[in-house]
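A.B. asks: can't give you the sequence, but here's the structure:
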DNA sequence: CTCAATTATTTTAAGCTTAAAATATCTCTC
DNA sequence: GAGAGATATTTTAAGCTTAAAATAATTGAG
């Protein structure tokens, strides 16, 4: 099959052959790498600037950012889900933030398993200051994009998000159905 | 100034006032959060599937992926730059991969400070198997995007990457400006 | 009510990650 | 060819992160 055909560049005989049975995911892989590069690039800068100017770590800032949007406080489980990190991770972060006096935790009313975490006054004040600079940094980082670029990215990343969640749902046994006849 | 003006919703006097001196970065912040969500979502799934099916961590897979593209091997410094992680991080990862027999390291010819890292036969074989599934997973994850979506995302994320690097260059005083090379 | 399953959190062990300091080698200039 | 500065890597300390097991409280079915 095609043994005399010369290599004609990216789309070689091998690649075509491979596509008969499975699929080629070259474009998707390149997209994934670029997405990862972008995120890593921005994340590293934010981390390093937060440390340099405020002596705070990015995960602590992220946790405080969640709390700032929740005046009633959040449980550790809420934080874990919103931040998309493990429960044990949140336990440790909250511990250290309590130590710093930036958040407090108290028993949740009505459920003795849960604790409610809140920003302290000190924490709220510190966060506002950091958030102001953080916003400027993000603005600077995306300076090269115009409004239309941002809109388009929001839309397509939304699509990607939905697609990735669908893949996740397909692979997770999903919850409590012992007799899911059709997956 | 404006002391009798009532609060009229999201765009308050405070927000407008703030915009006189500085800028508002609401759209950019939302974009950053969405970018981060997408990356985290995909990264978590890849990490968990790599662990479940191959008992390997994502950083080890990433390091092997770099080596696979470099038949001549890479120094630790090369790996650190390409993977965008610290040098000390690479030291530890290589150590553990050598332990597993997946890579080897030997003195770099001509520079006694450096070491060249290469995939072993075992490592190359293991990587190829993992890479095959990994490609499928990424393909599945971006299943909801068509070709045009992917092209547009590549283009706009490229723009974002350039913009973020520019911000970085502006803040780093010392740089020999070698980072625009991408292989 | 009672017990099994679920949910919330903590603990543990292993590994990842960074920044900064330390070591060793190299390169370039005089 | 010596010494200053640059580069490659390792070490260290602290903190982040996960998966899995353990603990504790809640819920729901019978």
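C.D. replies: Received the coordinates, thanks. All values derive from a computational prediction rather than experimental measurement.
A.B. asks: tally of neighbours for residue A:98?
C.D. replies: 15 (other CB atoms under 10 Å in any protein chain shown). Using the backbone N, CA and C atoms, a C-beta is placed for each residue, glycine as well.
A.B. asks: give the contact list for it.
C.D. replies: By CB atoms under 8 Å, 6 or more residues apart in numbering or on different chains, the contact list for residue A:98 reads A:104-105.
A.B. asks: from residue A:108, how far off is it?
C.D. replies: Using CB to CB, to the nearest Å, we find residue A:98 at a distance of 16 Å from residue A:108.
A.B. asks: same deal with residue A:91?
C.D. replies: In terms of CB to CB, residue A:91 sits 15 Å off from residue A:108.
A.B. asks: more neighbours: which of the two?
C.D. replies: residue A:108 (17 against 13).
A.B. asks: after the longest helix anywhere in chain A, next one along is what?
C.D. replies: Using DSSP state H, we find that the single longest helix of chain A is helix A:26-54. Following helix A:26-54 in sequence order, the next helix or strand is helix A:58-68 (DSSP states H and E).
A.B. asks: pLDDT of that following helix, averaged?
C.D. replies: For helix A:58-68, mean pLDDT rounds to 98.
A.B. asks: other SSEs contacting that helix?
C.D. replies: Contacting helix A:58-68 under the criterion 3 or more CB pairs under 8 Å, 6 or more residues apart in numbering or on different chains; DSSP states H and E are the following elements: helix A:26-54, helix A:76-83, helix A:87-99, strand A:103-107, strand A:115-119, helix A:121-141.
A.B. asks: ok, and does it reach over to DNA strand D?
C.D. replies: Yes. Where contact is defined by CB under 7 Å from any atom of the strand, part of helix A:58-68 touches DNA strand D, namely A:58-60.
A.B. asks: so who does the residue lying closest to residue A:68 once chain neighbours are set aside touch?
C.D. replies: Distances taken as CB to CB, 6 or more residues apart in numbering or on different chains put residue A:127 closest to residue A:68, at 5.5 Å, once the chain neighbours are dropped. Residue A:127 is in contact with A:61, A:64-65, A:67-68, A:102, A:119, counting by CB under 8 Å, 6+ apart.
A.B. asks: pretty sure residue A:42 sits against residue A:141.
C.D. replies: Yes. Between residue A:42 and residue A:141 a contact is recorded at 5.5 Å, counting by CB atoms under 8 Å.
A.B. asks: which residues do those two both contact?
C.D. replies: Taking CB under 8 Å, 6+ apart as the criterion, residue A:42 and residue A:141 both touch B:32, B:164.
A.B. asks: OK, contacts around residue A:101?
C.D. replies: A:120, A:122-123.
A.B. asks: need phi/psi at it.
C.D. replies: phi 80, psi 20 (degrees, to the nearest 10).
A.B. asks: and what of residue A:73?
C.D. replies: The phi and psi values for residue A:73, taken as degrees, to the nearest 10, are phi 90, psi 170.
A.B. asks: run a quick neighbour tally on it.
C.D. replies: 17.
A.B. asks: and the one 10 residues further on, by the same measure?
C.D. replies: Residue neighbour count, defined by other CB under 10 Å, stands at 18 for residue A:83.
A.B. asks: so it is in contact with residue A:90, correct?
C.D. replies: Yes. When contacts are counted by CB under 8 Å, residue A:83 is listed as touching residue A:90 (7.0 Å).
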